[in-house]
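Student: Give me coordinates for this.
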Amino acid sequence: MRANLRKTAFVLLLWGVFLICSSKTAGQACRGKCGDILEECSCHATCVSLLNCCAGYNQSCFQVMPHSSSMLGGRALRILSSVLDPGERLLCRFKGDIEQEGFIDAEGHGYCISPLLYETGWIPFDVSTDGIHFDRSGEYLSVHPSKADPVFEVTLVNTTHWQYYGTPNITGQLKMMWNSSLIEAEKVNIELWGYREFSRSTKAGTNLSSTLQAELSYLYSLGRNMLNTGSFSFIPEPSEDYSDWELGNIRITASSKSDGARDVQGLWSRGHVLAWHLQQAFRKDSAAWAKNKCLQWDVLEKKLPNFLDELIDCPCTLAQARADTGRFHTDYCCDIEKGSVCTYHPGSVHCVRAIQASPTHGSGQQCCYDSTGALMLTGDSIGGSTPDRSHDWGSPPYREPPRVPGYSHWLYDVISFYYCCLWSDHCHVYFSHRPSSGCRNYQPPRAGVVLGDPHFIMFDGLSYTFNGKGEYYLVSLPDRELSVQARTEQVKLKNGTLIKATRLSSVAMKERATDVIEVRLVQGYLQVLRNHKVLPFTEQRWMDLHGAFVFAPSPQNVTVMFSGVGVEVRVHEGTMAVTVLLPPEFINNTQGLCGLMNSQLSSALSTQANATAVEMFTFGASWNISKNSSLFTYDSKYLLDTYYFPPSHDPAFVPPFSQPERPDDPLVADMLRMCFGKGAKFCKYDTLSTRSLAIGNATLRAFQNHQVLMEALEPVVTCGWLPTPRNGKKNGTYYLEGSTLNFSCNDDYTLYGSTERTCQNDGTWTGKQPSCITDNNVGFILGAVGSLSALITMGVMIKLHNRKQDRERKEKADQMTTQEQTC
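Tutor: Residues are numbered from 1 along each chain as shown. This next block holds a predicted model:
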């Protein structure tokens, strides 16, 4: 009875507190305060689930739909949770300085048009209805044009026709198509915009100095007041006035918009080389025109700084390239999972790009592989791997050349490929400046993993089980200010019973001043948060964030990338597994549950390879985080009560340290049939601790995936590229340990050197580099060698004769001296 009275009193007290807080909350507003936590209410994104938002939070700190747009702009972003007066004037201010008119429809929905930017990532913007106070805030994701929603693109039909127009036998009509319903107008204007990078002072100049500025400008219209049918064809004419603009886009807008109006609603094509509008000289003799351009580019490249030395080497194999997710990511222009359409790298089945641009020049590495998994090199094929002076994905702080996403890369690396390789036969000039880097200096990353009822495999191979409950350092590098933290929760069975076992529920991470990224398990799926705010992946699978990148191809698969560091999060049967990939430069600097990354057994347990389960539990508990270092989000009463207020490690939660296999247990027989081979001990432990074959099997699958990863990342020995002898042939393009290359010569040539060379385990080739020589040259060389031998022999004889004379003179002098002494 008393217990019930106490419970009733507590509920009434909570209700009274809620009413008091609600009355105070109603008096607060979030205008101009988005992201802040106030004294009596919150304008932070977590307030929605914590039920402590200030009044008008949704209207002041709004969301938009769609939440992403191409960085070229032109997409209408609808402001959600707000009803505005259709008679009001809506102003939108992006990044604090790009101001433009929005509009309000008849139903009171406000819209802002995404502006033309030269950067990717989350773009903040504010709105105003009085022209003075921009105190309502939102953000949208600006994406690389090639990653924008293709539904909102102008499609260039038969892109090969567009790109080769004006070259021999490529003429006729060009055609484009678009979704006419996306432009709410009966008639449209079709415009050509051009891109260039110029000197701020002179609007001329082609070096990569800090004075360069990006410019995407309206050039001319291909059609005005055209019916909005979703299709347009035309026969292009050479444009002498604008022929120096060689890269650009098509834009389609409502005909009511003035020519070249900026930041208005419209559809864009992808950037492309404007072969179809180049001057008449190109059409008259495209090969000669392109050769001249190629040689001009050659002269320019020789004046620019060398960017190749600061690029990371390519992985030696396709397996390494796909496994090294912290440093490399699929190049969408050559993706094995999408049919290997590799236009610029014929013969390749898959290419990857280095995720991070080089620090000084903003350059990029590209690595391509053939069907055998071998790295393709430009010394062997036009489809070989090519480095880029400008990274295709751009690089922070973006905006200025050569760091503009997409466009800088096209100017410095792609157009020159057209000049030298596609429109003329001078690829050797292009590859002299864009040679493949090879893989001799590549070192694969090291991997640490946590899976199941948490089992840890440290960076150096030692494994142990730690099923404490709380929040812990998974990996910590104080020098790099890198922190990867793991949260574990008590396992709840399907019937609601809590058992004495734990599993991962969240992982949070940050490096230096980057965004805080958290990936947590919510109802069997992964949810990603950026600075404690949930990220939507309904429109984009890839996001450029501040200092980090996130790739989420599915709700069960998320990878977070920092500067060379990869954190892979996967879900198997509702259980989270996390793999941390670290590059070699982190050796001897790591701390945490994944141990010290070195060439020996992991640090704290290296002297206790046979440490007891209790000792391992004590080791794990020692890595609990402090409250002021926590990166986690606490946006529910459960998280506050379970993790925020109590100690970071729950000392009251002590799991069983072993799971005996009892013969009378009906689960054991099925478990033994399922759990065998490597990883069996983890499978058995989790099956018995959770009483679930499904969970045990999920743990086994996670372990097997880790084994596949480790096999892919196994270091390989490479001996480096060998050239084909001039006037000869080379059979083979595989340069790893055990590979054999065969050499032969063309007719009328004789091979000198080795006809066969094999890559040895010390990274050197057997034999000598072959060369092919004609019979006439052989006679000349033999004659020259004979003459040289005769000269050498004569010289040796003269030298010996002189030495003999010197010796005789010395002996005679010694005899005279002896006679004088005797006298």
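Student: contacting residues around Thr671?
Tutor: If you look again at residue 671, you'll see it is Met, not Thr. 661, 683-684, 687-688, 693, 696 (C-beta atoms under 8 Å, 6 or more residues apart in numbering). From N, CA and C alone the C-beta is placed, and that goes for glycine too.
Student: Can you name the two of the residues you listed that sit furthest apart?
Tutor: Largest separation among the contacts of Met671 by C-beta to C-beta: Glu661 and Leu693, giving 14.0 Å.
Student: So those two - more neighbours on which side?
Tutor: Between Glu661 and Leu693, counting by other C-beta atoms under 10 Å, Leu693 is the more crowded of the two (17 against 13).
Student: Quick one: residues contacting the spatially most central residue of the chain.
Tutor: For the chain, Ile355 is the residue whose C-alpha lies nearest the centre (C-alpha atoms, centre = their mean; 3.3 Å). By C-beta under 8 Å, 6+ apart, the contact list for Ile355 reads 326-329, 549, 561.
Student: which strands and helices sit next to the longest strand along the chain?
Tutor: Counting by DSSP state E, the longest strand found in the chain is strand 212-227. Where contact means 3 or more C-beta pairs under 8 Å, 6 or more residues apart in numbering; DSSP states H and E, strand 212-227 is packed against strand 187-199, strand 231-234, strand 247-254, helix 407-409.
Student: Quickly find the element holding the nearest residue to Trp423 once chain neighbours are set aside.
Tutor: Nearest in space to Trp423, with sequence neighbours left out and distances taken as C-beta to C-beta, 6 or more residues apart in numbering, is Ala290 at 3.6 Å. Ala290 is located in helix 286-303, with elements delineated by DSSP states H and E.
Student: and if you look at Pro397?
Tutor: Residue-wise, Pro397 maps onto no helix or strand under DSSP H and E.
Student: How confident is the prediction for it, by pLDDT?
Tutor: According to the prediction, Pro397 has pLDDT 91.
Student: next one: the one 5 residues further on
Tutor: The predicted structure scores Pro402 at 95 on the pLDDT scale.
Student: And for Ala29?
Tutor: The model's pLDDT for Ala29 equals 81.
Student: Ok, the one 4 residues further on next?
Tutor: Reading off the confidence values, Lys33 has pLDDT 93.
Student: Is it correct that it is in contact with Cys43?
Tutor: Yes: counting by C-beta atoms under 8 Å, Lys33 does reach Cys43; the two are 4.7 Å apart.
Student: Overlap of the contact sets of the two?
Tutor: Counting by C-beta under 8 Å, 6+ apart, the residues touching both Lys33 and Cys43 are 54, 60.
Student: the more surrounded of these two?
Tutor: Of the pair Lys33 and Cys43, Cys43 is the one with more neighbours under other C-beta under 10 Å, namely 23 against 19.
Student: Skipping adjacent residues, who's closest to the more buried one in space?
Tutor: Closest to Cys43 by C-beta to C-beta, 6+ apart is Cys30, at 3.8 Å.
Student: residues contacting that neighbour?
Tutor: Contacts of Cys30 by C-beta under 8 Å, 6+ apart are 36, 43, 53-57, 60-61.
Student: Pick the one among the residues you listed closest to Gly452.
Tutor: Nearest to Gly452 among those, with distances taken as C-beta to C-beta, is Cys53, at 38.1 Å.
Student: how far away is the closest one from Leu84?
Tutor: 20 Å (C-beta to C-beta, to the nearest Å).
Student: who's more crowded, these two?
Tutor: Cys53 (22 against 19).
Student: can you pull the contacts of the more buried one?
Tutor: 25, 30, 41-43, 47.
Student: would Cys420 count as being in a strand?
Tutor: No: checked against DSSP: H, G, I helix; E, B strand; the rest coil, Cys420 lies outside a strand; its state is helix.
Student: In this structure it contacts Ser432, no?
Tutor: No: if you go by C-beta under 8 Å, Cys420 and Ser432 don't touch, sitting 9.6 Å apart.
Student: Comparing these two, which shows the higher neighbour count?
Tutor: Remark: of Cys420 and Ser432, Cys420 carries more neighbours, 26 against 14, as counted by other C-beta under 10 Å.
Student: Which residues are in contact with that one?
Tutor: 290, 294, 297, 426-427, 429-430.
Student: same deal with Gln59?
Tutor: Counting by C-beta under 8 Å, 6+ apart, Gln59 has contacts 81-82, 136.
Student: now swap in Ser371 and tell me
Tutor: Val349.
Student: ok, back up a step: I'd like the helices and strands packed on strand 212-227 as JSON lines, with mean pLDDT appended.
Tutor: Below are these laid out as JSON lines (pLDDT from 0 to 100):
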{"stretch": "strand 187-199", "mean pLDDT": "96"}
{"stretch": "strand 231-234", "mean pLDDT": "98"}
{"stretch": "strand 247-254", "mean pLDDT": "98"}
{"stretch": "helix 407-409", "mean pLDDT": "98"}
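Student: out of those, deepest packed?
Tutor: helix 407-409 (a mean of 27; mean count of other C-beta atoms under 10 Å).
Student: following it, which helix or strand shows up next?
Tutor: helix 415-417.
Student: same question for that next one, mean pLDDT?
Tutor: Helix 415-417 comes out at a mean pLDDT of 97.
Student: go on, stretch 584-599?
Tutor: Here the average pLDDT along stretch 584-599 is 89.
Student: Would you mark the buried spots in the helix or strand that contains His706?
Tutor: Per DSSP H and E: His706 is located in helix 693-712. By neighbour count with 16 or more other C-beta atoms under 10 Å, helix 693-712 contains the buried residues 693, 695-703, 705-706, 709-710, 712.
Student: between those residues, which is nearest Gly383?
Tutor: Taking the buried residues of helix 693-712 together and measuring to Gly383 by C-beta to C-beta, the closest member is Ala712, at 22.9 Å.
Student: so which strand or helix has Arg262?
Tutor: Judged by DSSP H and E, Arg262 forms part of no helix or strand.
Student: Surely it touches Leu116?
Tutor: Yes: using C-beta under 8 Å, Arg262 is in contact with Leu116, at 6.4 Å.
Student: Next up, the contacts around Ser629.
Tutor: Ser483.
Student: tell me the phi and psi of it?
Tutor: phi -100, psi 0 (degrees, to the nearest 10).
Student: got it, and the one 10 residues further on?
Tutor: Backbone geometry at Leu639, expressed as degrees, to the nearest 10, gives phi -70, psi -40.
Student: if I pick it, what's in contact with it?
Tutor: 632-633.
Student: For Tyr118, see how far away it is.
Tutor: 40 Å.
Student: do the same with Ile625
Tutor: Taking C-beta to C-beta, one finds Ile625 at 39 Å from Tyr118.
Student: do the same with Lys533
Tutor: Counting by C-beta to C-beta - Lys533 and Tyr118 are separated by 25 Å.
Student: same deal with Pro66?
Tutor: With C-beta to C-beta as the criterion, Pro66 and Tyr118 are 21 Å apart.
Student: Could you do Phe466 as well?
Tutor: From Phe466 to Tyr118 the distance is 48 Å (C-beta to C-beta).
Student: Counting neighbours, what do you get for Glu511?
Tutor: Glu511 has 20 nearby residues by other C-beta under 10 Å.
Student: got a pLDDT number for it?
Tutor: 97.
Student: For it, list the residues it contacts.
Tutor: Per C-beta under 8 Å, 6+ apart, neighbours of Glu511: 480-483, 547-548, 562-563, 565.
Student: make it 7 Å
Tutor: Taking C-beta atoms under 7 Å, 6 or more residues apart in numbering, we find Glu511 in contact with 480-482, 547, 562-563, 565.
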